[in-house]
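**Q** generate a structure from the sequence data that follows.
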Amino acid sequence: MLVSGWVHTAAMTVLLAIGTRKGLWLARSDDRRSWQLEGPQFPMQEVPSCAIDTRGGRARLLVGAKSWHWGPGVLHSDDLGVTWSEPEAGAVKFPEGEDAAVKAIWQLKPDTADRPGVVWAGSEPSALWRSTDGGETFSLVRGLWEHPHRLTWEPGFGGQAVHTVLPHPVDDARVLVAMSTGGVYVTEDGGESWNPSNTGIKAYFLPDPWPEYGQCVHKVARDLVEPERLFAQNHHGVYRSDDGGKSWTSIADGLPSDFGFPVVVHPAAPNTAWVVPLVADGHRFPPDNALQVWRTADGGESWTSTSSGLPESYFAAVMRDAFTPDDVADAPGLYVGGRDGSVYASPDGGDSWSEVVRHLPDVLCVRAASLP
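**A** The predicted model follows:
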C-alpha cells in the first residue's frame, strides 16, 4: 500500500526546512545537489520542530519555535515563509485549571491526506495535542495527559517530552506516540485510552530491565508500505515491530553501535530504514569519529553503510528529528543535520552525499518535501 501524498514528479523543487538552536533556515533545490539558502527566520528562537504540510495541493510550513521571552508557540506560513501567523492566545496551551505549562514543542506531524485538517503536536511536558484546522489551534488529548503512568514518567537527558507521533494511515482511531522517557504508547480508540507498547524493548538502566514502560525510546518510524511494521531507535537498542508495537525484536546486529537518536523509513519501499549510530553512553561521537548513515533493505536482517561523501572527521551528534527523507517515492532524498551546524543531502537514498550548508547554529530538526 502506497500512502497518499508520496509522489514523484519529473520536474520538481524540493524545499528543506532546517530548525536550529537560533532560528529557521529554508533551502530550495531543483536537483537536490545545489541549494539556495534563505534565513534565518525567528533569530534567537529555538526551533526544535517543524513540518511541511503539502496536503490539499498547497504547502503550509509549521514551526514549533521557542522564544526565551514569550515561550513556545506554533506558527504557520502559507507563502513559503514570507509571512507567518499565530493565534493571539497561542496555538498550544494547557486549559485553565491544569497546573502545567508548555516548555517546548518537540514534534509537529501532519496526518494523512484523508484527514486534511488534522495535525498533531507533541510537547514538553509529555502531552499530545490535536489540531483540526491545519495546525492553527490545538486541543489537549486528555486520555494521554490523564494516564495513570504520567506521574511516574521521568525526564531524559534533554527533557520529558512526546517526541514521536505516528497516526495510523488506515485506521484513524489508532495513534502511536513515543516519549523520553516513558516509552511507546498506543491508542486504538481515538485517544480515549492508551496502552504501553514496549514488550521486548530493554531498559538496562532500570532495576527491572524489561519493564512495562519507562524505556528511553529516542525515535520511532512507521513503514509506509506495511504500516504494522515499526522501527525504533532507543537509548541502546534498535528494534523492529511487526504487530503495530505490541512486541519488539532487536535488529541491532550488524551496526557499529546500537545507540543513536533518529530512524527514518523509505517513502515507498517496504522494510527499508536508515539510522545514524553514535558511540555511547559517555562518548557520543560517531563510530570511528566519522559521520555514518546505515541502511537496511530487509527489515533489519542486515545493514550497509551508506556514507560516501560524508565527513570522515566528525564529532557532532545528529538529533532525533535532524534526519529526514523527502517525498520522492521512487528515488527518495535524505537529509541529515548535525549539532555542528552542518547539513548534508543525498539525492539517491544515501548512496552519495554532498554538503548543503555549514556553520549554522546546532541543527535540531530538518524536514523536506517536493513543492506542489
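**Q** now stretch 53-69: buried residues?
**A** Asp53, Thr54, Arg55, Ala59, Arg60, Leu61, Leu62, Val63, Gly64, Ala65, Lys66 (16 or more other C-beta atoms under 10 Å). Heads up, the C-betas are built off the backbone N, CA and C, glycines and all.
**Q** go on, stretch 231-242?
**A** For stretch 231-242, the buried set under the neighbour-count rule, 16+ other C-beta under 10 Å, comprises Phe231, Ala232, Gln233, Asn234, His235, His236, Gly237, Val238, Tyr239, Arg240, Ser241.
**Q** now do stretch 178-190
**A** Applying a neighbour-count criterion of 16+ other C-beta under 10 Å, the buried positions in stretch 178-190 are Ala178, Met179, Ser180, Thr181, Gly182, Gly183, Val184, Tyr185, Val186, Thr187.
**Q** which intervals of this structure have sub-threshold pLDDT?
**A** Within the chain, the set of residues satisfying pLDDT under 70 comprises 1-11.
**Q** most distant residue from the middle of it?
**A** Going by C-alpha atoms, centre = their mean, the residue of the chain most distant from its centre is Gly97, 30.6 Å out.
**Q** for stretch 23-37, which positions count as buried?
**A** Gly23, Leu24, Trp25, Leu26, Ala27, Ser29, Arg32, Trp35, Leu37.
**Q** could you identify the most distant pair in the residues you listed?
**A** Comparing every pair within those by C-beta to C-beta identifies Gly23 and Arg32 as the most remote, at 23.2 Å.
**Q** now do the contacts for the residue most central in space within the chain.
**A** Closest residue to the average C-alpha location of the chain: Asp321 at 4.0 Å, with C-alpha atoms, centre = their mean. When contacts are counted by C-beta atoms under 8 Å, 6 or more residues apart in numbering, Asp321 touches Gly19, Pro48, Ser49, Trp106, Gln107, His163, Lys219, Pro262, Leu364, Cys365, Val366.
**Q** so can I have CSV of the residues you listed showing neighbour count and distance to Leu144?
**A** Shown next, in CSV, are the contacts of Asp321 (neighbours: other C-beta atoms under 10 Å; distance: C-beta to C-beta, whole Å):
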residue, neighbour count, distance to Leu144
Gly19, 27, 24
Pro48, 28, 20
Ser49, 27, 18
Trp106, 27, 14
Gln107, 27, 13
His163, 27, 14
Lys219, 22, 18
Pro262, 22, 23
Leu364, 22, 23
Cys365, 27, 22
Val366, 28, 27
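**Q** out of those, who's nearest Pro148?
**A** His163 (21.4 Å).
**Q** for Arg142, grab phi and psi.
**A** Per-residue torsions, Arg142: phi -70, psi -30 (degrees, to the nearest 10).
**Q** just give the number of residues close to it.
**A** Using other C-beta atoms under 10 Å, Arg142 has 14 other residues around it.
**Q** for His218, same thing?
**A** Around His218 there are 26 residues (other C-beta under 10 Å).
**Q** tell me what the helix or strand hosting it is packed against?
**A** Using DSSP states H and E, His218 maps to strand 217-222. Counting contacts by 3 or more C-beta pairs under 8 Å, 6 or more residues apart in numbering; DSSP states H and E, strand 217-222 is packed against strand 161-167, strand 175-180, strand 183-187, strand 230-234, strand 259-265.
**Q** so what secondary structure elements neighbour the second one?
**A** Helices and strands touching strand 175-180, by 3+ C-beta pairs under 8 Å, 6+ apart, are strand 119-124, strand 161-167, strand 183-187, strand 217-222.
**Q** what separates it from the chain centre, distance-wise?
**A** 11 Å (C-alpha atoms, centre = their mean, to the nearest Å).
**Q** what's the answer for the first one, then?
**A** Centroid displacement of strand 161-167 relative to its chain, using C-alpha atoms, centre = their mean, is 8 Å.
**Q** repeat that for the fourth one.
**A** Centroid separation between strand 230-234 and its chain, computed with C-alpha atoms, centre = their mean, is 12 Å.
**Q** for the nearest residue to Ala252 once chain neighbours are set aside, what are its contacts?
**A** Spatially, and ignoring its direct neighbours in sequence, Ala252 is nearest to Asp258 (3.9 Å; C-beta to C-beta, 6 or more residues apart in numbering). When contacts are counted by C-beta under 8 Å, 6+ apart, Asp258 is found next to Asn234, His236, Gly237, Val238, Ser250, Ala252, Pro277.
**Q** ok, now which ones touch His218?
**A** Neighbouring residues of His218 by C-beta under 8 Å, 6+ apart: His163, Ser180, Gln233, Asn234, His235, Gly260, Phe261, Pro262, Arg320.
**Q** closest to Ala331 among the residues you listed?
**A** Nearest to Ala331 among these: Pro262, at 20.6 Å, using C-beta to C-beta.
**Q** can you pull out the strands in the stretch 201-350 of the chain?
**A** In the stretch 201-350 of the chain, the segments counted as strands under DSSP state E, counting those that start in this stretch are 217-222, 230-234, 238-241, 249-250, 259-265, 273-278, 294-296, 304-305, 323-325, 334-337, 343-346.
**Q** dump those strands into CSV; add distance to Val119 as well.
**A** Output for those, formatted as CSV (distance: least, C-beta to C-beta, whole Å):
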stretch, distance to Val119
strand 217-222, 17
strand 230-234, 21
strand 238-241, 25
strand 249-250, 32
strand 259-265, 20
strand 273-278, 24
strand 294-296, 29
strand 304-305, 35
strand 323-325, 17
strand 334-337, 21
strand 343-346, 25
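**Q** and of the ones you listed, who's closest to Val356?
**A** Closest to Val356 of the strands of the stretch 201-350 of the chain is strand 343-346 (C-beta to C-beta; 4.2 Å).
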